[in-house]
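Peer 1: Need a 3D model of the following:
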Amino acid sequence: MSRRKAREMALQALFQMDMGGVDSQRALAVVFAENGVEDGYTRNLVEGTEKNMAAVDKKISEYTIDWKLERMPAVDRNILRLATYELLVPQKDTPAGVAINEAVELAKKYGTEESAKFINGILGAMLK
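Peer 2: Numbers count the residues shown, from 1 in each chain. Presented below is the predicted three-dimensional model:
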């Protein structure tokens, strides 16, 4: 399975956790069942993001001036969480630029017309 697909599945799980109030294990079980495959990289991303959620949200808040997390579209918020986790806790063989590019691609696919620019701007500022 590609890392892109794993991130897409991780986003689906994080979205379920955020909007449905389910725990990571339930969200992952649903995502794995829907996609017909279980993936360790997806699990690591979701569990790592969940474990580090306070630090991830704090970091995002430092760069989203005039935008509170709870007011952001849920898809954008969870793409930012996933990518910020990857930047804060670097993944093996995943450069920061790749994590940002993947987040922008997720935003283009699942977000609004403005999501990709918004996410790229925030993550780019974090990287500097």
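Peer 1: helix or strand for residue 124, which one?
Peer 2: helix 115-127 (DSSP states H and E).
Peer 1: which stretches of the protein have low pLDDT?
Peer 2: In the prediction, the chain carries no residues with pLDDT under 70.
Peer 1: Helices of that one, start to end?
Peer 2: Assigned by DSSP state H, the helices in the chain fall at 3-20, 24-35, 40-51, 53-63, 74-88, 96-110, 115-127.
Peer 1: Looking at those helices, which one is packed in the most?
Peer 2: When you average the neighbours per residue for each of the helices of the chain (mean count of other C-beta atoms under 10 Å), helix 74-88 leads with a mean of 23. In this view, the C-beta of every residue, glycine as well, is placed from N, C-alpha and C.
Peer 1: and the angle for that one with helix 96-110?
Peer 2: Helix 74-88 and helix 96-110 are oriented at 170 degrees to each other (axes from the mean of the first three to the mean of the last three C-alpha atoms, to 10 degrees).
Peer 1: Show residues contacting helix 74-88.
Peer 2: Applying C-beta atoms under 8 Å, 6 or more residues apart in numbering, the contact partners of helix 74-88 are 7, 10-11, 14-15, 18-19, 45, 48-49, 52-53, 55-57, 59-60, 69, 72, 94, 96, 99-100, 102-103, 106-107, 110-112, 115, 118-119, 122-123, 126-127.
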